Each structure stands twice: as C-alpha cells, then as structure tokens.
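Participant: The following block contains a protein sequence and its predicted model.
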Amino acid sequence: MDLADKAGEWRVLLGQLVRYGLTGGLASIVNIGVYWVLATRGRLDPNLAWTAGFLGAVVVGYVVHSRWSFRGHGRRGNLWRTGGRFVIISLVSFGLNSLWVWLLVSRLAWPVWSPYPLVLGVTPLAVFWLNRRWVFE
C-alpha cells in the first residue's frame, strides 16, 4: 500500500470519527437530558434515570450511526446482525456509563453531573472502536 492509499484511509477514519462524535453528541444530549430531568425533577433513582436516557440514546444512535457516521464502511445487509451487535455494544457502553454513575453519584455522593467527563470522554472512544471493528465492519 502506498502513501496516498494510507492517507486516504486516514481521511476516511477521521471523517468517521468526526461524524461519530457529532452523532454521539446528539445521542448524549438525549441521554443526559432525560437523565437530568428524571434524576433532578422527577427524583428518580439516578441509575433508573440513566437507563431511561440510555434507551432514547440507543434509538437515536443506531439510526444516525448506521446511516451517517459509518456510511460507506462495512456491510449493512442484515439488520438483525448489525442491529443486534449495536445493541450489544450499546449495553457495554451502558454498563460502563452506569459504573461511572454508580461510583461517582451513588457510592461517592458526588454531584449528579460528575459522571459527565467520563461519559463524554472515555466511553465514546472505546465504543467508537468497537462499533467500527465489529458492528459496522
């Protein structure tokens, strides 16, 4: 593979990462918005509030990631295969984010907003890699 091909691959990866970040931002706004309203206004347990927000974010995430973030990457022939894998990776993401919420809010009694840096920084990079390598391969 020559240098021009490698540069092209990096451009594709960078484009996916930017689109993924924008889409993830949208899904995160849905998730955090639902979480915030239910945890603060609805006085719902933070983990239950996070679960409700997560469900809304999964729907938004799958539709936009499959049609825009990873467009032109991999195959989409089988909705059940791709969708099933997306749900599995979303559950990994949910588990990791639930860990942040439990640890920081429930266990350490930090503010409700304290998981945001980990939720918006650490988890998305891990999930991008998993989506690119396994879901939308």
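Facilitator: Yes, it's here.

Participant: what about T82, neighbour count?
Facilitator: A total of 20 residues lie near T82 under the criterion other Cβ atoms under 10 Å. (C-beta placed from N, C-alpha, C; glycine too.)

Participant: May I ask which helix or strand encompasses it?
Facilitator: When elements are defined using DSSP states H and E, T82 is found to belong to helix 79-101.

Participant: so after that helix, what's the next helix or strand?
Facilitator: helix 116-130.

Participant: in that following helix, what's buried?
Facilitator: Residues of helix 116-130 classed as buried: Y116, L118, V119, T123, P124, V127, F128, L130 (neighbour count, 16 or more other Cβ atoms under 10 Å).

Participant: OK, contacts around V12?
Facilitator: With contacts defined as Cβ atoms under 8 Å, 6 or more residues apart in numbering, the neighbours of V12 are G72, H73.

Participant: Relative to R71, how far out is it?
Facilitator: Here the criterion is Cβ to Cβ, to the nearest Å. By it, V12 lies 10 Å from R71.

Participant: go on, L17?
Facilitator: Distance of L17 to R71, given as Cβ to Cβ: 13 Å.

Participant: Which phi and psi values does W110 adopt?
Facilitator: As for W110, its main-chain torsions (degrees, to the nearest 10) stand at phi -80, psi 170.

Participant: That one contacts W100, doesn't it?
Facilitator: No - under the criterion of Cβ atoms under 8 Å, W110 makes no contact with W100, lying 10.2 Å away.
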